[in-house]
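Colleague: okay, predicted coordinates and the sequence, questions at the end:
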Amino acid sequence: MFWLTDADVADSNTLISVPAPIGGLNARDSLAAMPPTDASVLVNWWPQPYGCTVRFGYAEQATGMPGDVETVAAWSNVDGTSKLFAWSGANMYDVSSRAAVGAAIVATLATARWDTCNPVNSAGSFLIALAGNGTDNGIIYKAAGVTRLTLGDGIVVDTWAGIDPKNALCPVVHQHRLWVLERNSTKGWYLPVDAIQGTFVKYDFGPLFSKGGYAQFMCTWTLDDGNGAEDHLIVVSSRGEAAVFGGTNPSSDATWALVGVYNVGIPVAGTRAATKVAGDVFIVTQQGVVSMTASLASTKVNETDQRVTSNKIQFLISDLTSTYGTLFGWDMKYIAKYNMVILNVPTTAGSFMQLAANQITNAWTMFNDVDARCWTLYGTVPYFGSTTGRLFNFWSGSLDNVLLNDTGGTGVISKVTQAYSYFGSMATQKQVAMYRPSFLTAVTFAVNPAISYDFVTAELTTPSFLSAAGASLWNVGAWDSARWGSGTIPQRDWYQAQGIGVAAALSMVTASAASVLWIATDYSIIKGQGVL
């Protein structure tokens, strides 16, 4: 393999340019019929409308926690102040500052897996955290500090009546009311309007579930069913039924009604595998990612033009949920700042990957080398907790694992196999003589490409990272010898291809330590005779 100039390809038979795989990962279509802007392998590339960028990196936010960080949650106050918290080992930590953690603000807990919500009323803003394990009392954080929620009369501050906070999980604010589920039951409980303490009222969802099981989690869904946009409550059972309710007051049939019960598939483990995206709710089940808007498709539903669908990778998601659906670590979040839906997937005990979708283009991709057990948004910024007692700021810079002092870090390894193409002639043998991926980059980076023929994909080794010589400052570097910074530079090298076949595809492994945008790939095609 060697580099060529434009003059070397001037006499080639046909020149063709194919856009980068902005259509994203495709695990649905045949390799022989996949759109040219899709890819059968797409790892650590982020599909955008104008090209594919290498996944951004992540940097340490907090270190020194004693074990896996299994919950991270943000508190946002009405005066604009905010806090970020993480649970690790038997402790809860304040991780708002970028530093090594100090003493735990709550200690001697039985678990690091908590469900949280951040209700607001006239008294202020409150972060409510529930473990639902029968052992740990609830936790409440407010402007005055952290306290515990306990069973009581509901009148004394920070007490609940009706349900013991030790047995409550999955707090949700719906129509001004705080709802919780009771562990290992079909019962939900709700408070009076705008209350965060008091006496809960029971609502049993069990008679609506025809397949048995317990109420595993719930969430809210803003739905326009023809009567205007309104929040609906979704309660999902452990056997894969989703009960949807409309209305404001569950104690009155006049203001509360069942919209329907839908079979969505058995949900993956935990309470975090659902997220709101625009006017839709995604639920991760063993059938894949289920859209509630699609489940309720009818002439009464007004679907948004930006509804994310997962049909291109549904088979892949179904395979992952069937294989790993019982493991802890499934988590789905919508990161509006980047138009990104990200699904955290535990693949083996202590190992994780992510599937991510661009809300604008509906293109999916796969991220790896991101050791995430849980996710949250702090303001608009995504954070994840790791298996090494650390919290990271995601989508930050171009390096992974940047340390607290902004040193260290490693570049990103990206992989792709773009869709196979017949280049306009299905029955003709052809050879890719030369090809040229076109990149815009901040620093020259390492690329190991190859052309695969007739659906036999080349096995490629990972290239070594190129040493990035720093740019010189004006009036400091030696004239005519120093390397000057130029912002974004093109990287458009021609490569010699090997082999011949009817269909061809570009496979590529890159190692980059700076921003990279892949725009298109140019091919010089030599066509031969037809084949039988």
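Modeller: Alright, I've got the coordinates.

Colleague: for stretch 347-355, which positions count as buried?
Modeller: Within stretch 347-355, the residues scored as buried using 16 or more other C-beta atoms under 10 Å are 352, 353, 354, 355. No exception for glycine: its C-beta is placed from N, CA and C like everyone else's.

Colleague: so the second one is in contact with residue 342, correct?
Modeller: It stands for residue 353. No - Residue 353 is beyond contact range of residue 342, at 10.9 Å (criterion: C-beta atoms under 8 Å).

Colleague: need the residues touching each of those two.
Modeller: Contact criterion C-beta atoms under 8 Å, 6 or more residues apart in numbering; residues shared by residue 353 and residue 342: residue 367.

Colleague: okay if I get the buried residues of stretch 347-355 as a markdown table plus pLDDT, secondary structure and distance to residue 395?
Modeller: Shown next, in a markdown table, are those (pLDDT from 0 to 100; DSSP: H, G, I helix; E, B strand; the rest coil; distance: C-beta to C-beta, whole Å):
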| residue | pLDDT | secondary structure | distance to residue 395 |
| --- | --- | --- | --- |
| 352 | 96 | strand | 16 |
| 353 | 97 | strand | 16 |
| 354 | 98 | strand | 12 |
| 355 | 97 | strand | 16 |
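
Colleague: which of those sit farthest apart?
Modeller: By the measure C-beta to C-beta, the buried residues of stretch 347-355 have their two most distant members at 352 and 355, which lie 11.2 Å apart.

Colleague: what is in contact with the two at once?
Modeller: Common neighbours of residue 352 and residue 355, using C-beta under 8 Å, 6+ apart, are residue 345.

Colleague: start and end of stretch 57-76, how far apart?
Modeller: Criterion C-alpha to C-alpha, to the nearest Å; first-to-last residue distance in stretch 57-76 is 26 Å.

Colleague: and stretch 137-147, by the same measure?
Modeller: Stretch 137-147 end-to-end distance (C-alpha to C-alpha) = 10 Å.

Colleague: and what of stretch 440-459?
Modeller: Stretch 440-459 end-to-end distance (C-alpha to C-alpha) = 26 Å.

Colleague: going forward can the numbers begin at 127, since that is how I track them
Modeller: Right, with 127 as the first residue, what we last looked at is stretch 566-585.

Colleague: if you count neighbours, what's buried in that stretch?
Modeller: 566-579, 584.

Colleague: farthest pair in those?
Modeller: Taking C-beta to C-beta as the measure, the buried residues of stretch 566-585 span a maximum distance of 33.6 Å, between 568 and 579.

Colleague: pLDDT-wise, which helix or strand of this structure ranks last?
Modeller: Lowest mean confidence among the helices and strands of the chain (mean pLDDT, DSSP states H and E): strand 129-130, at a mean of 41.

Colleague: the helix or strand just after that strand - contacts with which helices or strands?
Modeller: As assigned by DSSP states H and E, the chain's next helix or strand after strand 129-130 is strand 140-145. Counting by 3 or more C-beta pairs under 8 Å, 6 or more residues apart in numbering; DSSP states H and E, the packing neighbours recorded for strand 140-145 are strand 642-656.

Colleague: what residues of the strand it packs on count as buried?
Modeller: Within strand 642-656, the residues that qualify as buried are 642, 643, 644, 645, 647, 648, 649, 650, 651, counting by 16+ other C-beta under 10 Å.

Colleague: let me know the closest of those residues to residue 273.
Modeller: Nearest to residue 273 among the buried residues of strand 642-656, with distances taken as C-beta to C-beta, is residue 642, at 48.5 Å.

Colleague: show the contacting residues for the closest one.
Modeller: Shown in contact with residue 642 (C-beta under 8 Å, 6+ apart): 179, 180, 540, 565, 566, 567, 568, 571, 636.

Colleague: how deep is the nearest residue to it once chain neighbours are set aside tucked in, by neighbour count?
Modeller: Nearest residue to residue 642, sequence neighbours excluded (C-beta to C-beta, 6 or more residues apart in numbering): residue 180, at 4.3 Å. Here the number of neighbours of residue 180 (other C-beta atoms under 10 Å) works out to 25.

Colleague: again, but for residue 487
Modeller: 17.

Colleague: my read: it touches residue 151, true?
Modeller: No - using C-beta under 8 Å as the test, residue 487 is too far from residue 151 to be in contact (12.0 Å).

Colleague: so where is the stretch 127-276 of the chain shaky, pLDDT-wise?
Modeller: 127-138 (pLDDT under 70).

Colleague: same check on the stretch 477-626 of the chain?
Modeller: Using pLDDT under 70, the stretch 477-626 of the chain drops low at 594-612.

Colleague: so which residues of it form strands?
Modeller: 477-484, 489-493, 500-504, 507-511, 517-520, 526-528, 534-536, 538-544, 554-567, 572-579, 615-617, 620-622 (DSSP state E, counting those that start in this stretch).

Colleague: mind putting those in a markdown table, distance to residue 223 included?
Modeller: A markdown table is the format used below for those (distance: least, C-beta to C-beta, whole Å):
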| stretch | distance to residue 223 |
| --- | --- |
| strand 477-484 | 26 |
| strand 489-493 | 27 |
| strand 500-504 | 12 |
| strand 507-511 | 13 |
| strand 517-520 | 11 |
| strand 526-528 | 16 |
| strand 534-536 | 20 |
| strand 538-544 | 27 |
| strand 554-567 | 34 |
| strand 572-579 | 36 |
| strand 615-617 | 37 |
| strand 620-622 | 48 |
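
Colleague: so what's the spatially closest residue to residue 235 that is not a sequence neighbour up against?
Modeller: Computed as C-beta to C-beta, 6+ apart, the closest residue to residue 235 that is not its neighbour in sequence is residue 216, at 4.8 Å. Residue 216 is in contact with 192, 233, 234, 235, 236, 238, counting by C-beta under 8 Å, 6+ apart.

Colleague: just the closest of those residues to residue 551, please.
Modeller: residue 238 (58.6 Å).

Colleague: A strand includes the closest one, no?
Modeller: No - using DSSP: H, G, I helix; E, B strand; the rest coil, the assignment for residue 238 is coil, not a strand.

Colleague: now the closest residue to residue 522 other than its chain neighbours, what's its secondary structure?
Modeller: Leaving out its chain neighbours, the residue that sits closest to residue 522 by C-beta to C-beta, 6+ apart is residue 185, at 4.8 Å. What three-state DSSP gives for residue 185 is strand.

Colleague: also residue 402?
Modeller: strand.

Colleague: against residue 360, how distant is it?
Modeller: If you measure residue 402 against residue 360 using C-beta to C-beta, to the nearest Å, the figure is 10 Å.

Colleague: okay, the two: which has more neighbours?
Modeller: Per other C-beta under 10 Å, whichever of residue 402 and residue 360 has more neighbours is residue 360, with 23 against 15.
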